[in-house]
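Novice: What shape does this take:
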Amino acid sequence: MARSRCVPRVFVCLAASLLCAAAPALADEYGRLFQVVGPRGSIQQALDQARPGGVVLVLPGTYHENASGTNALQISKSVHLIGLSTPNARVVLENAGGQRNGIVAVPSEHYDCMSCHASLAPPFTLLPHAEGMTLSQEPTIYGLTISGITIRDFSNNGLFARGVDGYAFVDVHSVNNPNYGIFPVSTRNGLITRSSATGADDSGIWVETSQNVSVTHNVVENNVNGFEVSNSDDILLAHNVARGNSVGMAILFLPDIFDVRQDTQRITIRDNEIHDNNKPNTAGPGSILSTVPPGIGILHLGADDSRIERNVVEDNDFIGIGVVDYCLAVFGGPFDCGADPEVTPGFIMDSRASNNQVVANELANNGTNADPDTNPFAFTASDLGLLTTNDHGNCYADNVFATFYSTLGVLPPCP
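Specialist: Here you go, the predicted model:
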């Protein structure tokens, strides 16, 4: 098929001037529509006009968008939103005033519910006027790209996605969005890469109730949790840097979203640099996260069938890598960990960390500065920690470390 003559016009517009407000829609050889937005144009208008599978190109500049009083940008269909950022000139999406979220990619029927929640945080508690409302957990957006955009200074989240199957978040940078930086929920088949998050009082990059997501070559710093994975399966965390957070990586099996997805398993954590995660914990008072002591490299809580391999974990004040049963670490709350799991089925029956392999990691100078006055688990401070009621199939091999703590007295070797 002959190449469309329209394609070069896009690049002529890009090179001509940053004052280009919005170019006409231009078709490539596959019939997709390209739209180009400049600083005087509207990204939201281009998104609304885009065909499913269309491409919206955004020139460098600072944008104040008003999809709603809650969200700067809203996406409810397959689209490719590409910021044409360079090292010296970025596309920046900035809070226009009073907005909670930067980019929200959710099915259209969910928009009306964005203001129905007390906050966009698990367990997504509904306000009284919205009680009884239910949202589908199945993906309805198939194919989404967001790249080349810095999102900053929103009161909740930088990038929130829900119900998406097949997505790539590339070169997306969340700055000072205090709930969550990049936050996909109930998604499948995703990639988050070459991105960053800083300034979250919860998690910088959080993959929640999702399947088959790769999180690679990212940097998280100055958050409470740098990376978080909860109630998700088949997740890869590789070649990332987590530094200066309270917890570098938190892999969690959580009871408050157990009814949405009932496992955290097959998490691969490899070839990451995780160091100096000693930031004071600034999570909201009363939340489970607020009780987690700072100074943790990797916290693997209640998750199963996973492999933690070839990571460099250094200078975390409390613990380097901790594999922990949920009910040994978390006290109180609505879940009675003392109940007989045979009598009380559900979360308690699967709250143990099982069948995890910790292999060929390099650990140094972890667990050297835990504060017993503020941390009830300070006595476990070490490079490697195993806090389980029995070995549950967890095992260790070929790690370089100086100290360990185990409720079993030993670290079980891998066969």
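Novice: any idea how far residue 163 is from residue 259?
Specialist: Distance of residue 259 to residue 163, computed by Cβ to Cβ, to the nearest Å: 17 Å. Heads up, the C-betas are built off the backbone N, CA and C, glycines and all.
Novice: Can you pick out the residue with more neighbours from those two?
Specialist: For residue 259 versus residue 163, the count of surrounding residues by other Cβ atoms under 10 Å is larger for residue 163: 23 against 12.
Novice: Could you count how many residues lie near residue 323?
Specialist: Per other Cβ under 10 Å, the neighbour tally for residue 323 reads 29.
Novice: what's the answer for the one 3 residues further on, then?
Specialist: Burial measure for residue 326: 22 neighbouring residues, criterion other Cβ under 10 Å.
Novice: what does residue 149 give?
Specialist: Counted with other Cβ under 10 Å, residue 149 comes out at 28.
Novice: Identify the residues contacting it.
Specialist: 58, 81, 83, 85, 90-93, 103, 171-173 (Cβ atoms under 8 Å, 6 or more residues apart in numbering).
Novice: what's the closest non-adjacent residue to it?
Specialist: Nearest non-adjacent residue to residue 149, counting by Cβ to Cβ, 6 or more residues apart in numbering: residue 83, 4.2 Å away.
Novice: Report the separation between that neighbour and residue 64.
Specialist: Per Cβ to Cβ, residue 83 is found 15 Å from residue 64.
Novice: Between these two, tell me which one has more neighbours.
Specialist: Each of residue 83 and residue 64 has its neighbours counted (other Cβ under 10 Å); residue 83 has more, 26 against 13.
Novice: Tell me how far that one lies from residue 90.
Specialist: As for residue 83, its distance to residue 90 is 7 Å (criterion: Cβ to Cβ).
Novice: likewise residue 260?
Specialist: 35 Å.
Novice: Residue 184 now?
Specialist: Residue 184 is 22 Å from residue 90, by Cβ to Cβ.
Novice: Please say which of the two ends up with more neighbours.
Specialist: residue 184 (28 against 17).
Novice: In contact with that one: list those residues for me.
Specialist: Contacts of residue 184 (Cβ under 8 Å, 6+ apart): 161-162, 164, 167, 169, 190, 192, 206-208, 210, 213.
Novice: Nearest spatial neighbour of residue 371, chain-adjacent residues omitted?
Specialist: Here the residue nearest residue 371, using Cβ to Cβ, 6+ apart, is residue 378, at 6.3 Å.
Novice: Now do the contacts for that neighbour.
Specialist: By Cβ under 8 Å, 6+ apart, the contact set of residue 378 is 293, 318, 370-372.
Novice: Can I get those residues in CSV including distance to residue 48 and secondary structure?
Specialist: What follows is these, written out as CSV (distance: Cβ to Cβ, whole Å; DSSP: H, G, I helix; E, B strand; the rest coil):
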residue, distance to residue 48, secondary structure
293, 46, coil
318, 48, coil
370, 52, coil
371, 52, coil
372, 57, coil
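Novice: Show me the shaky parts of the chain.
Specialist: Applying pLDDT under 70 to the chain picks out residues 1-32, 108-139, 331-336, 338-345.
Novice: sorry, back to before: just checking, which of the contacts of residue 184 belong to strands?
Specialist: 161-162, 164, 167, 169, 190, 192, 206-208, 213 (DSSP state E).
Novice: Please indicate which of those are buried?
Specialist: 161-162, 164, 167, 169, 190, 192, 206-208, 213 (16 or more other Cβ atoms under 10 Å).
Novice: Tell me which stretches of this protein form helices.
Specialist: All helices of the chain, identified by DSSP state H, fall at 7-16, 43-49, 326-329.
Novice: List of residues touching the shortest one?
Specialist: Taking Cβ under 8 Å, 6+ apart as the criterion, the residues outside helix 326-329 that touch it are 253, 255, 301-302, 337, 348, 351-353, 377, 387-389, 407.
Novice: Repeat that for stretch 353-365.
Specialist: Contacts with stretch 353-365, where a contact means Cβ under 8 Å, 6+ apart, come from 297, 300-315, 320-321, 323-326, 383-384, 388, 392-402, 411, 414.
Novice: What subset of the residues you listed is buried?
Specialist: Among the contacts of stretch 353-365, those classed as buried by neighbour count (16+ other Cβ under 10 Å) are 297, 300-306, 308-315, 320-321, 323-326, 383-384, 388, 392, 394-396, 399, 401, 411.
Novice: picking up where we left off before, joint contacts of residue 83 and residue 90?
Specialist: By Cβ under 8 Å, 6+ apart, residue 83 and residue 90 have these common neighbours: 60, 148-149.
Novice: CSV please, covering those and showing distance to residue 279.
Specialist: Listed next are the shared contacts of residue 83 and residue 90 as CSV, based on distance: Cβ to Cβ, whole Å:
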residue, distance to residue 279
60, 31
148, 28
149, 26
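Novice: For residue 48, state which of those residues is nearest.
Specialist: residue 149 (17.6 Å; Cβ to Cβ).
Novice: Among the contacts of helix 326-329, which one sits closest to residue 77?
Specialist: Nearest member of the contacts of helix 326-329 to residue 77, counting by Cβ to Cβ, is residue 253, at 32.8 Å.
Novice: quick one: that closest one from residue 386, how far?
Specialist: For residue 253 relative to residue 386 (Cβ to Cβ), the value is 16 Å.
Novice: try residue 360
Specialist: Noted for residue 360: a distance of 17 Å to residue 386, by Cβ to Cβ.
Novice: For the stretch 301-415 of the chain, which segments are assigned as strands?
Specialist: Ranges of strands within the stretch 301-415 of the chain are 307-309, 312-314, 319-324, 357-359, 362-364, 382-387, 395-397, 404-406, based on DSSP state E, counting those that start in this stretch.
Novice: Just tell me which of those strands ends up closest to residue 239.
Specialist: The nearest among the strands of the stretch 301-415 of the chain, by Cβ to Cβ, is strand 312-314 at 11.4 Å.
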